[in-house]
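Colleague: quick one: sequence and predicted model below, then my questions.
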Amino acid sequence: MESRKIYDFWMQSDYFDDATKSELDKIGDNPQEIEERFYKDLEFGTGGLRGIIGAGTNRINIYTIRKSSQGLANYLIKSIKDARGRGIAIAYDCRRMSPEFALEAAKVFAANGIVAYLFDELRPTPVLSYAVRYLKAAAGVVITASHNPKEYNGYKVYGEDGGQLPLEASEAVIEEINQISDITQIEPMEQSLAMEKGLIKKIGRGIDDAYISSLKTLVVNEDVVAGVADTMKIVYTPLHGSGNKPVRRILKEIGFKNVLVVPEQELPDSEFSTVKSPNPEEKDAFKLAIELAKREQVDLIIGTDPDSDRVGVVVKSSTGDYVVLTGNQIGCLLLEYMLSQKKAAGTLPANGFAVKTIVTSELARKIAEYYDIELIEVLTGFKFIGEKIKELDEEGTKKFLLGFEESYGYLAGTFARDKDAVVASMLIGEMAAYYRSRGMSLFEGLQEIFQKYGYFIEGITSFTLHGKEGLEKISSAMETLRSNKSEVFGACAVAALRDYGNRQTIRFPQRTIEALELPESNVLYYELTDGSWFCVRPSGTEPKIKIYYGVSEVSLEAAQGKLAKVEQSAVGEIRKLLEI
């Protein structure tokens, strides 16, 4: 068995440290565990690596970090002019092994003569994106697994524009990584020597100051915060992550005087000991924040994930309950607020544009149409939003206003090129202050939007199937769906099927075929005859398949009924295919 041979090599080679061998020794009599750890290399996808921390080729550890870093170094030296001198920025979050992985990557880059700008402590992912641009670096790396469970870590790569690597570049990096046949030939430079030679340089406060100054230029209405600052309170939780310092700082510097931080979740904690999962999409993550909000009579809670690229919001409803807003609701609130305030101030650019992903609420389209702003749609993944900023704003003649996705990621401004929970927290606070100045809560602001545009509601169902068998089931389900081009899906009538894998749309009942302009992706999007939709997409970073769905109606009750029908049909059929 090939897995056993690789396992034996790791156990016998002097290249691997004692801790690694000790961990592997404990699974020596477990063929299934050896197979899971060694049946393949941990895949470097379009965004980088993400996996369970542990020993083995299919785990994330200092050796898989070395291999990815060496492949990236080879790519940079071949493809980017003066890559060695321009260097690479490296950041990390609060997760287990994040500082060690960041340093290991820096030592590999140093061994290749590439200057590594290593942050002096944990930082948000958007600060890394900003740093790449600020330093004019050739690339960037951040060690994070975003909001995944504590067992995971990851390695995300950014290009010289501060955005996640585009498809062509990421494929070139993957090719370089795959050409490394013997990882024992990778020899990182000792840290002390690298620092002495100026190949590892520590960075920190100077970039923080520049970043915060840049964000403050994005305040939409300076007066609204000042008008309510004495009485308005915000509860904030960094969920043990990297948002603690920058989020509190930006809120303070734009004028908020009463930001209450959840004390149990203030400091970094790789075990995320106060939550089941450090995911600001889930109400469970806000349990302590809600308790604090109740004691202090606060109606707005903001929470950021470990690497502070995603942000969640909890508001007090009209019945006094605390409810978690969806990512779609937060994004549409921000879009309406920003466009309405800029229009009122006469600063809304005629050439402005916003960007959303294909699985993000269609309410955004209604808002953009109302303000006569172009809305551009991209594939799922914030890298595609970053690419549109570069193409249309940086290199074109249009003005980027806001980009967002349903999975709690938002970006305003062009200083960073990835979702940014710090700037989003600033704008959410300002937006809440605006509604408060009108005698309204953020919850009431959302109801105002629904009354203006209609009731748009969305949902998502995910199935995680672990291991090799799980990935095979997901692949088989997608193949079956792709081959079965039916006009009926469960109880739903299909108007059109967009197959992004084949880059074509089939329109029923004539079965006419139209080309899709967006890049190839393993995604199926069903347009239904009643205006509803659902979309099926395997995750690119986890053994998971996701089903997104959305509807609109003139009332909340009607929308909820329609959503239940779509959910039952879509999820029910896919559950059968997955045999779960």
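Modeller: That came through, no problem. Numbers count the residues shown, from 1 in each chain.
Colleague: could you say which helix or strand holds residue 401?
Modeller: If you go by DSSP states H and E, residue 401 is part of strand 399-405.
Colleague: what about that strand, average pLDDT?
Modeller: Mean pLDDT, strand 399-405: 98.
Colleague: elements contacting that strand?
Modeller: helix 327-345, strand 352-357, helix 382-388, strand 409-411 (3 or more Cβ pairs under 8 Å, 6 or more residues apart in numbering; DSSP states H and E). (C-beta placed from N, C-alpha, C; glycine too.)
Colleague: what about the third one, average pLDDT?
Modeller: By that I understand helix 382-388. If you average the pLDDT over helix 382-388, you get 95.
Colleague: which other residues reach that helix?
Modeller: With Cβ atoms under 8 Å, 6 or more residues apart in numbering as the test, helix 382-388 has contacts from 46-47, 161-166, 353, 355, 357, 376, 378, 400, 403-405, 409, 411, 417-419.
Colleague: surely residue 257 meets residue 226?
Modeller: No. Counting by Cβ atoms under 8 Å, residue 257 does not reach residue 226; the two are 10.1 Å apart.
Colleague: thinking again about what came up before, which residues touch the strand holding residue 401?
Modeller: Counting by Cβ under 8 Å, 6+ apart, 327, 330-331, 334-335, 338-339, 342, 349, 351-357, 359-360, 364, 373, 380-382, 385, 388-389, 392-393, 410-414, 419 sit against strand 399-405.
Colleague: then the host helix or strand of residue 176 to CSV, C-alphas only?
Modeller: Using DSSP H and E, the element containing residue 176 is helix 167-178. Output of helix 167-178 as CSV, limited to C-alpha atoms (Å, rounded to 0.1, in the frame of the first residue of the first chain):
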residue,chain,number,x,y,z
LEU,A,167,-6.7,31.3,-11.3
GLU,A,168,-3.8,31.3,-13.7
ALA,A,169,-1.3,32.3,-11.1
SER,A,170,-2.6,29.8,-8.5
GLU,A,171,-2.4,27.0,-11.1
ALA,A,172,1.2,28.0,-11.8
VAL,A,173,2.0,27.8,-8.1
ILE,A,174,0.2,24.4,-7.8
GLU,A,175,2.4,23.2,-10.7
GLU,A,176,5.5,24.3,-8.9
ILE,A,177,4.5,22.6,-5.7
ASN,A,178,3.6,19.4,-7.5
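Colleague: what's that helix packed up against?
Modeller: helix 62-79.
Colleague: list the buried residues of the helix it packs on.
Modeller: 62-76 (16 or more other Cβ atoms under 10 Å).
Colleague: could you pull up the mean pLDDT of the helix holding residue 176?
Modeller: Helix 167-178 comes out at a mean pLDDT of 93.
Colleague: what sits up against it?
Modeller: Helix 167-178 is contacted by residues 44-47, 67-68, 70-72, 74-75, 78-79, 157, 159, 165, 519 when judged by Cβ under 8 Å, 6+ apart.
Colleague: what's the angle from it to helix 62-79?
Modeller: 120 degrees (axes from the mean of the first three to the mean of the last three Cα atoms, to 10 degrees).
Colleague: now find how far off-centre helix 167-178 is within its chain.
Modeller: 21 Å (Cα atoms, centre = their mean, to the nearest Å).
Colleague: so that it lines up with my notes, have the first residue be 34 from now on.
Modeller: Sure thing, new numbering starts at 34, so read that last one as helix 200-211.
Colleague: and residue 244, that one's in a strand?
Modeller: No. Under DSSP: H, G, I helix; E, B strand; the rest coil, residue 244 sits outside any strand and is assigned helix.
Colleague: tell me, how many residues neighbour it?
Modeller: 26 (other Cβ atoms under 10 Å).
Colleague: try residue 406
Modeller: For residue 406, using other Cβ under 10 Å, the count is 23.
Colleague: likewise for the one 10 residues further on?
Modeller: Residue crowding around residue 416 was assessed by other Cβ under 10 Å; the count is 22.
Colleague: what's the spacing between it and residue 422?
Modeller: Per Cβ to Cβ, to the nearest Å, residue 416 is found 11 Å from residue 422.
Colleague: shared neighbours, these two?
Modeller: Common neighbours of residue 416 and residue 422, using Cβ under 8 Å, 6+ apart, are residue 196.
Colleague: can you pull out the helices in the stretch 84-233 of the chain?
Modeller: Ranges of helices in the stretch 84-233 of the chain, per DSSP state H, counting those that start in this stretch, are 95-112, 116-119, 131-144, 158-168, 200-211, 224-229.
Colleague: which among those is found nearest to residue 300?
Modeller: helix 131-144 (14.8 Å; Cβ to Cβ).
Colleague: what about the closest one, distance to the chain center?
Modeller: 23 Å.
Colleague: pull the residues that contact it.
Modeller: Under Cβ under 8 Å, 6+ apart, the answer for helix 131-144 is 93, 95, 98-99, 101-103, 106, 120-121, 123-125, 148-149, 151-152, 155, 174, 176-177, 186, 188, 219-224, 227, 230, 232-233, 303.
Colleague: are any of these buried, and which?
Modeller: Buried positions within the contacts of helix 131-144, assessed by neighbour count (16+ other Cβ under 10 Å), are 93, 95, 98-99, 101-103, 106, 120-121, 123-125, 148-149, 151-152, 155, 174, 176-177, 186, 188, 219, 221-222, 224, 227, 232-233, 303.
Colleague: residue 398 should be in a helix, yeah?
Modeller: Yes. The assignment for residue 398 (three-state DSSP) places it in a helix.
Colleague: and for it, the neighbour number?
Modeller: Other residues lying near residue 398 total 16 when counted by other Cβ under 10 Å.
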